[in-house]
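>>> Let me see the structure of the following:
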Amino acid sequence: MLAIIIFDQLNDVVYLRCDHKFVRHVRTMAAGQGLLQDAELDPEEVAQLDPNIVVQLFSPLVTSQRIMSTQFNNPYTSVSCQDGTTVVFQEYAGYLFVGVGSQEESHLQRIISVAIRIVQLLVGPCVTVLKKSGEKSFMLDNLLEAWQNLYSKEQSYLVEAVERLVVNAELSGAAVKALAAVIDKLKSSKELTPCHALFFVRNKLLALYSSRSAQELSASDLLFLNMLAEAIQVREGDYMEERAAEKNAESPDDKKDDDVIEEESDSGEFYSIPNTPMLGRNTPVMEDEPQGKIRSSILLLRTDLCQLTPHIVHYETLSEGLSLVLVSEVSRTQLSIQLTTLMTALDEMVTGNVNGRGKLLLDVCDTVVRKSQDLVKRLPKGKAAERAEKALQQMGLRWDNIKKSGLEEWLRNGVDAEVPTKVDASLTSLVEATRSAWRVCCLGVSLTTAAPLVESAVAIASERMGDYCHFLEVKALRNMTLGCRSALTINKYLEEFPGLVHFLYVDRSNHQLTSPTLMMEDAGENSKDSEPSTNGTRALTVARVWSMVEFARSHLAKGHLSLMWKDTSFSYAYFLWFEDSSGNPLKPGELEEGVSEMLPLPGVLCEDFYRAMTTQAFPGMDPTRLRVYELFCIHLGLATSPCVLEHTRRLAATIWEVAGPIDANPADLL
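Numbers count the residues shown, from 1 in each chain. From the prediction side, this is the model:
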């Protein structure tokens, strides 16, 4: 059972995604409390759930959590129920994100963290847009489903690092030249520069080419952009299946298979969640879009500015498995940063988290309001710019009014004093006006102005990569495998490490993964107690690798940087280490008690755990001058500890022979 629910400040449901088991569970609880009549409790009704019932059932818990947060500054992180259900809480922009499921608390927290990051990606702090916009909420559904699929199957999403497709220099050069031609085509439009162009092949990065002045994309940006391309391919695949099903009448056997699938979807496993009831909005009907239509969206990427900055993203599937993604910066980055700063300052006032900085916050707000109004006047003339200027004028008027309502006096007296009713109402009104201004300025960007130019650029990429599409699709399935030792570089390399079955090497300085491909067909062939075959690969299941990573992460979150353990078949090892820019090892300082609990979950999709940990382990040092590496190894169970240690040292020192020099991997800059 699983559900993701977003509540607004009034405890109304803004968004809900859940499986059928959750729907039945809630309807049963509602009947028990008299919210539903027994006659209405149809066990087959798994696709309908009244949002008012969800509000009534969850309102006491949500209200209690808000009181604990606002009045006692000690909010719940989770609640465990007697039936094994766990409820987790996280807050973003005043909205409460709730996860309900039977999974481990850490996994539910990761699910909610990813949901928050995707919401940031789509609508930023204007979460209520999800209730009003079917398009945005539908994209959230698709991206959550894509993440579920990728997290359950792809090693790159398991460890949250970018995996590059290993190809020869000729093919790599052809891909880069194709992207260079795309960038050159887009240069003629001011609206599309600076920009990036990327090729993804089955969730692996083939090539990235950026214009000279473009802000570098972060690893989490790349993972989310690939997720967007994956969501479209899954949607197209489902659509084609639906169309085929309409043409062919279902047989009785087909219906039996469908029943089995639906029953499996109630198993409680997060990865099997289907598209489910979506409340408070109308689900968009999929249009008859032919494959090949270019999609465009406004996404809030973090880039290297560590801010939510608006970008126009065009994405297209050139062939099965090969996707082209174009990312263009919008000339509103500084405006977005200013308005985000204002919302942060206002949030501190609303929550009373001022701590003697009242005058400083006033000065910050005054400066931001003035700068925002200056920046909006520099936008290219048009209706969008006029709407943005009008929204900022209204925001400025409300700021002037709130200063006259007693805000300065209240902050001067200290926030221990009771908030005047007039100030409280004005603050709430100003927060809404600021969010509205941010939405108009950052999301109100036209996507159709440069459409012909984008179509021409996509046509260039499609023409230049047409001869390679089939090869790339096959290559991505077996990027680097353990099966055929006669041809692939990685397998010849692994012959130097007898007993080594699998490894994941991550350069956490740029979050790039090097690992043999784990073939999915091995996942269901062996149980945990089965004995390994000659090379150990057939008994190595996906479940074992995923379990290894989760086990290592649980210890990493406690500050353990190296560990080794065994099961009945394999020996496992995990190491995290630091080096300076010259490659000299660095020993981290002891983390203070409680510091590890303040760190984010290991990974980079939501927050960069490794940068945060580096800051704590090396106080006073610039994190950008340090290199962080991560290594997971799986050996046959007979391997001794000295053998494992010797292999990990050699592997860390020589992996560049397969992955290529470190400096060759980042973006190719024009």
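>>> C-alpha from now on. contacts and neighbour counts both.
Will do.
>>> May I have stretch 88-98 as PDB, with CA atoms only?
Provided in PDB are the C-alpha atoms of stretch 88-98 (Å, rounded to 0.1, in the frame of the first residue of the first chain):
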ATOM      1  CA  VAL A  88       5.900  10.200   7.000                       C
ATOM      2  CA  PHE A  89       5.800  14.000   6.900                       C
ATOM      3  CA  GLN A  90       7.800  16.700   5.100                       C
ATOM      4  CA  GLU A  91       7.000  20.300   4.500                       C
ATOM      5  CA  TYR A  92       7.700  22.600   1.600                       C
ATOM      6  CA  ALA A  93       6.600  26.200   1.000                       C
ATOM      7  CA  GLY A  94       3.900  25.800   3.700                       C
ATOM      8  CA  TYR A  95       2.400  22.600   2.100                       C
ATOM      9  CA  LEU A  96       2.500  19.300   3.900                       C
ATOM     10  CA  PHE A  97       3.600  16.300   2.000                       C
ATOM     11  CA  VAL A  98       2.400  13.000   3.500                       C
END
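>>> Tell me where the stretch 1-150 of the chain has strands.
For the stretch 1-150 of the chain, applying DSSP state E, counting those that start in this stretch gives strands covering 2-7, 13-18, 78-80, 86-92, 95-101.
>>> Could I get the ones you listed in CSV, plus columns for distance to Ile183?
Below are the strands of the stretch 1-150 of the chain laid out as CSV (distance: least, C-alpha to C-alpha, whole Å):
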stretch, distance to Ile183
strand 2-7, 39
strand 13-18, 38
strand 78-80, 47
strand 86-92, 36
strand 95-101, 39
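>>> Run a quick neighbour tally on Gln9.
Using other C-alpha atoms under 10 Å, Gln9 has 12 neighbouring residues.
>>> and it, backbone torsions?
Per-residue torsions, Gln9: phi -70, psi -20 (degrees, to the nearest 10).
>>> What's the separation between it and Arg435?
14 Å (C-alpha to C-alpha, to the nearest Å).
>>> for Lys381, same thing?
Distance, Lys381 to Arg435, by C-alpha to C-alpha: 22 Å.
>>> When these two are compared, which one has more neighbours?
It is Arg435, of Lys381 and Arg435, that has more neighbours when counted by other C-alpha under 10 Å, with 22 against 9.
>>> Summarise which helices and strands the host helix or strand of the more buried one is packed against.
Assigned by DSSP states H and E, Arg435 belongs to helix 421-443. Contacts defined by 3 or more C-alpha pairs under 8 Å, 6 or more residues apart in numbering; DSSP states H and E place helix 421-443 against helix 333-351, helix 383-402.
>>> Now do the following helix or strand past that helix: everything it contacts.
Counting by DSSP H and E, the next helix or strand C-terminal to helix 421-443 is helix 451-465. Outside helix 451-465, the residues that touch it by C-alpha atoms under 8 Å, 6 or more residues apart in numbering are 174-175, 178-179, 181-183, 185-186, 189, 294, 314, 316, 318, 324.
>>> Of these, which is the most crowded?
Of those, with other C-alpha under 10 Å as the count, Leu179 tops at 29 neighbours.
>>> The helix or strand hosting it vs helix 451-465, what angle?
If you go by DSSP H and E, Leu179 is part of helix 169-186. Counting by axes from the mean of the first three to the mean of the last three C-alpha atoms, to 10 degrees, helix 169-186 lies at 160 degrees to helix 451-465.
>>> so what does helix 169-186 touch, helix or strand wise?
Looks like helix 169-186 contacts strand 195-201, strand 204-210, helix 451-465 (3+ C-alpha pairs under 8 Å, 6+ apart).
>>> Identify the residues contacting it?
192-193, 195-199, 206-211, 453-454, 456-458, 460-461, 464-465, 668, 670.
>>> 6 Å instead?
197, 457, 461 (C-alpha atoms under 6 Å, 6 or more residues apart in numbering).
>>> Now distance to Thr77 too, for the helices and strands packed on helix 169-186, in JSON lines please.
What follows is the helices and strands packed on helix 169-186, written out as JSON lines (distance: least, C-alpha to C-alpha, whole Å):
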{"stretch": "strand 195-201", "distance to Thr77": "37"}
{"stretch": "strand 204-210", "distance to Thr77": "35"}
{"stretch": "helix 451-465", "distance to Thr77": "45"}
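>>> To Thr514, which of these lies closest?
strand 204-210 (11.1 Å; C-alpha to C-alpha).
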